[in-house]
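A.B. asks: need coordinates for the following:
(2 chains, ligands or ions: 2)
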Amino acid sequence: MAAAGAPLIELREVTKRFASFLAVDKLSFSVGEGEIVALLGRTGAGKSTVLNLVMGSIAPDSGSISVAGCDPSRQFKQLRGRIAVSFQTDRLLPWRTAVENAELGLLILNVPKDEARRRALAWLDRVKLRGAEHKYVHELSGGMRQRVSLARALAVDPSIIFLDESFSQLDHATARALRTDFKRIAAEFGKTCLFVTHRIEDAIEIADRALILTQGARIALVEHVTAATRADPAATAAMHERIAQVLGHEDADTLADAAE
Amino acid sequence: MTDDKAATLALPAPAALRPSALPKRGKFKMGQADALSTAAVVIVLLGAMQIASNFVPDYIMPPPATVLRATWDIVTADELHVLITLVRLFASVAFSMLLGIVIGGAMGMFGTIRPALRAVIVIDTGIPALSWMLLAVFWFRDPETRIFFILTVILVPFFALSIYDGIRALPRDLVDVVESFRPSRWQVLRFLVIPHVVPYVFLTMKSVIGYAIRMVVFAELVASASGIGSRMSLAQSTFRIDQVFAWTFLLVLLNIGLQTGVSMCERIALKWRPEVEVR
Ligand SMILES: Nc1ncnc2c1ncn2[C@@H]1O[C@H](COP(=O)(O)OP(=O)(O)O)[C@@H](O)[C@H]1O
Ligand SMILES: [Mg+2]
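C.D. replies: Numbers count the residues shown, from 1 in each chain, chains lettered A, B, ... in the order given. Ligands and ions are numbered 1, 2, ... in the order given. Down below sits the predicted model:
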């Protein structure tokens, strides 16, 4: 899995400021085809900003971003159907049922109605939501909503999928179940995935590679995760410890900043 | 036309209609308690009428039985006028709703024309309904045009402002997720904006319908020789106070009926909303 092809996502020296606040400081990294990369960091590190840059919803101040060969903000429409995203909160449209939400991206891509419905239903099945297809959003549990949100992203069959804290708001057991299902699906369909999280276990469990980011989206540590690491509790614990230490130092820094 | 009549005609500020938050659909069905209290109030009112009618001449306060007879007369003889009023009401409310949605939608979606539209709406809301009625009589010969014009000019701002508010209240995160699929402008409208503003349309409709009924009747009194308003004017000039009461009674019923109808449509259209009970 970790063996990656040509980079599908590439950032070079990307900088983004909000007024005078430096949110992303000369960030460079790339994600190969079929690779799952985690951006791991504390709240405020700039992870979501990176994701927004890569999705093209905001433009960088300097540096270059390439996603599937396109500049995501300047060639916004060209990525139509090739990327999809799922967020921390489900962001489902409350007036649509589970299946109507899952088929939203397909309808936007002008897939014929019947075909869209068929594919949405198949995806709901894959994320284990059989029986809940015709429920409205308020009738679903938090975990089920997040599954619909994943189905909506996956249904358009994007080559790249972005997740922004998609598992963070769920309780640990629900998050674990969803992570496992996601990992299986991503592997089965060969999806390239860039995902943002502040939970170390999310990263270790799903990612092939984890970039640990500190304030300003600066890469402080890179960890490669393999099936062997996951199988070995001692290795996992050691990795967890290394990451926690980097994030901990970050904590000390911010405290020092605040004291100034 | 006296001053206090003019005062009641001043357009209530649409701001008062605007929900600070998205209205939740509560269980505001006519519950049993509501039905009982309504019945009690009606009985008390009828009793008061009955007692009062014993002390004053019939041309000041007729007994309920007389009013009931007059109501029957009206319902059997003047149903055409009721129908005329209803058609006028539906046509102008429907048109105002559509125009209001278009204007409010344009205000919400096109920043360049927003200030101009806003100014038009703000000035319009400041003009008393009475002014429009008098102007309509000067400007148009045809009574239908007059009434249609009066109602449209009065009702459009309610819908426009409410839709504008609805669009402004579009949750940013829903916009982002829809845009992540790179939709066309029309698709954003269809999948996001329109369904989102439907509750606002219903809310406005519910608050406006009673006002619209009062306005259509008044416009008929000023501008037309047919419809409920003109019949009430006739009843007044022929000293038929029983008929004035009867028409009033019918108008109250009409309001209740239409409100219920709108609420039923709302319940069907917004079935996706959770039932919220506010204690
Ligand atoms: N649109 C914005 N305007 C101003 N500041 C922003 C904006 N978006 C993010 N920030 C700031 O950038 C920093 C990083 O935010 P974000 O990328 O959301 O962090 P994370 O997702 O890692 O928690 C935060 O301090 C946040 O306040
Ligand atoms: Mg974030």
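A.B. asks: spit out the contact partners of the closest residue to ligand 1 within chain B.
C.D. replies: Using CB to the nearest ligand atom, the closest approach of chain B to ligand 1 is made by B:Arg172 at 10.4 Å. (Glycine included, C-beta is placed from N, CA and C.) Neighbouring residues of B:Arg172 by CB atoms under 8 Å, 6 or more residues apart in numbering or on different chains: there are none.
A.B. asks: which pLDDT value goes with it?
C.D. replies: B:Arg172 is assigned 90 on the pLDDT scale.
A.B. asks: same thing with B:Phe181?
C.D. replies: 92.
A.B. asks: that one: which element?
C.D. replies: Using DSSP states H and E, B:Phe181 sits within no helix or strand.
A.B. asks: again with the one 5 residues further on
C.D. replies: Element membership for B:Trp186 (DSSP H and E) is helix B:185-188.
A.B. asks: quick one: A:Arg17 is in a strand?
C.D. replies: Yes: using DSSP: H, G, I helix; E, B strand; the rest coil, the assignment for A:Arg17 is a strand.
A.B. asks: residues in contact with the closest residue to A:Leu22 other than its chain neighbours?
C.D. replies: With sequence-adjacent residues excluded and distances taken as CB to CB, 6 or more residues apart in numbering or on different chains, A:Leu22 is closest to A:Gly216, at 5.3 Å. Taking CB under 8 Å, 6+ apart, we find A:Gly216 in contact with A:22-25, A:45-46.
A.B. asks: what do you get if the cut-off is 7 Å, keeping everything else the same?
C.D. replies: Counting by CB atoms under 7 Å, 6 or more residues apart in numbering or on different chains, A:Gly216 touches A:22-25, A:46.
A.B. asks: ok, B:Phe249 next?
C.D. replies: Going by CB under 7 Å, 6+ apart, B:Phe249 touches B:67, B:71.
A.B. asks: state the mean pLDDT of the strand or helix carrying it.
C.D. replies: Taking DSSP H and E as the criterion, B:Phe249 maps to helix B:241-269. Taken as a whole, helix B:241-269 has a mean pLDDT of 92.
A.B. asks: so the nearest residue to B:Leu80 once chain neighbours are set aside, which of the three states?
C.D. replies: Spatial nearest neighbour of B:Leu80, chain neighbours left out: B:Ser226 (8.0 Å); criterion: CB to CB, 6+ apart. Here B:Ser226 is coil, with the state taken from three-state DSSP.
A.B. asks: where does A:Ser66 fall, phi/psi-wise?
C.D. replies: Dihedral angles of A:Ser66 (phi, psi; degrees, to the nearest 10) stand at phi -130, psi 130.
A.B. asks: where does the closest residue to it other than its chain neighbours sit: helix, strand or coil?
C.D. replies: Leaving aside its chain neighbours, A:Ser66 sits nearest to A:Glu10 (4.6 Å; criterion: CB to CB, 6+ apart). Judged by three-state DSSP, the three-state class of A:Glu10 is strand.
A.B. asks: closest to the centroid, which residue in chain A?
C.D. replies: Centroid check for chain A by CA atoms, centre = their mean gives A:Leu163 as the closest residue, at 2.0 Å.
A.B. asks: need the pLDDT of that residue.
C.D. replies: 93.
A.B. asks: could I get the contacting residues of the closest residue to it other than its chain neighbours?
C.D. replies: Closest residue in space to A:Leu163, ignoring its immediate chain neighbours: A:Phe195 at 3.8 Å, by CB to CB, 6+ apart. Going by CB under 7 Å, 6+ apart, A:Phe195 touches A:38, A:162-163, A:206.
A.B. asks: of those residues, which belong to strands?
C.D. replies: When those are checked against strands using DSSP state E, the ones located there are A:38, A:162-163.
A.B. asks: where do the helices sit along chain B?
C.D. replies: B:3-9, B:32-55, B:64-77, B:79-109, B:114-126, B:129-139, B:143-168, B:172-179, B:185-188, B:194-223, B:228-237, B:241-269 (DSSP state H).
A.B. asks: what's next to the shortest one, contact-wise?
C.D. replies: The set of residues that contact helix B:185-188 without belonging to it, under CB under 7 Å, 6+ apart, is A:108, B:178.
A.B. asks: mind checking how far that helix is from the chain centre?
C.D. replies: Here the centre of helix B:185-188 is set off from its chain's centre by 31 Å, with CA atoms, centre = their mean, to the nearest Å.
A.B. asks: tell me the buried residues in the helix or strand hosting A:Ala153?
C.D. replies: Assigning secondary structure by DSSP H and E places A:Ala153 in helix A:142-155. The neighbour-count check on helix A:142-155 (16 or more other CB atoms under 10 Å in any protein chain shown) flags A:143-155 as buried.
A.B. asks: could you check the angle that helix makes with helix B:172-179?
C.D. replies: Inter-element angle recorded for helix A:142-155 and helix B:172-179: 30 degrees (by axes from the mean of the first three to the mean of the last three CA atoms, to 10 degrees).
A.B. asks: gap between helix A:142-155 and the chain center?
C.D. replies: Counting by CA atoms, centre = their mean, helix A:142-155 comes out at 13 Å from the chain centroid.
A.B. asks: does chain B sit close to it?
C.D. replies: No: if you take CB under 7 Å from any CB of the partner chain as the test, helix A:142-155 misses chain B, and the best it gets is 8.2 Å.
A.B. asks: write out the residues of the stretch 101-250 of chain B neighbouring chain A.
C.D. replies: Within the stretch 101-250 of chain B, the positions near chain A by CB under 7 Å from any CB are B:173-174, B:176-177, B:180-183, B:187, B:191, B:195.
A.B. asks: which of those residues ranks first by neighbour count?
C.D. replies: B:Val177 (26 neighbours; other CB atoms under 10 Å in any protein chain shown).
A.B. asks: so that one sits right up against A:Arg91, yeah?
C.D. replies: Yes: B:Val177 is within contact range of A:Arg91, at 4.3 Å (criterion: CB atoms under 7 Å).
A.B. asks: so what's the residue count around the residue of the stretch 51-200 of chain A found nearest ligand 1?
C.D. replies: Of all residues in the stretch 51-200 of chain A, A:Val196 sits closest to ligand 1, at 6.3 Å by CB to the nearest ligand atom. Neighbourhood size, A:Val196 [other CB under 10 Å]: 27.
A.B. asks: and the gap between it and chain B?
C.D. replies: Per CB to the nearest CB, to the nearest Å, A:Val196 is found 14 Å from chain B.
A.B. asks: for that residue, grab phi and psi.
C.D. replies: phi -110, psi 130.
A.B. asks: please name the nearest non-neighbouring residue to it.
C.D. replies: With sequence-adjacent residues excluded and distances taken as CB to CB, 6+ apart, A:Val196 is closest to A:Lys47, at 4.2 Å.
A.B. asks: list the contacts for the one you found?
C.D. replies: Per CB under 7 Å, 6+ apart, neighbours of A:Lys47: A:39, A:41, A:196, A:213, A:217.
A.B. asks: mind checking how far it is from ligand 1?
C.D. replies: Distance of A:Lys47 to ligand 1, computed by CB to the nearest ligand atom, to the nearest Å: 3 Å.
A.B. asks: same check, this time on A:Asp208
C.D. replies: 21 Å.
A.B. asks: element containing A:Arg118, please.
C.D. replies: helix A:113-126.
A.B. asks: oh sorry, the question was meant for A:Ala220
C.D. replies: Take DSSP H and E as the rule and A:Ala220 turns out to sit in strand A:218-224.
A.B. asks: what pairs with that strand, parallel or antiparallel?
C.D. replies: According to DSSP bridges, strand A:218-224 forms sheet pairs with strand A:209-214 (antiparallel).
A.B. asks: which residues touch the strand it pairs with?
C.D. replies: Taking CB under 7 Å, 6+ apart as the rule, strand A:209-214 contacts A:29, A:35, A:37-41, A:45-47, A:203, A:219-225, A:243, A:246-247, A:250.
A.B. asks: weed out the non-buried ones from these.
C.D. replies: Buried by 16+ other CB under 10 Å: A:29, A:35, A:37-41, A:45-47, A:203, A:220, A:223, A:225, A:243, A:246-247, A:250, out of the contacts of strand A:209-214.
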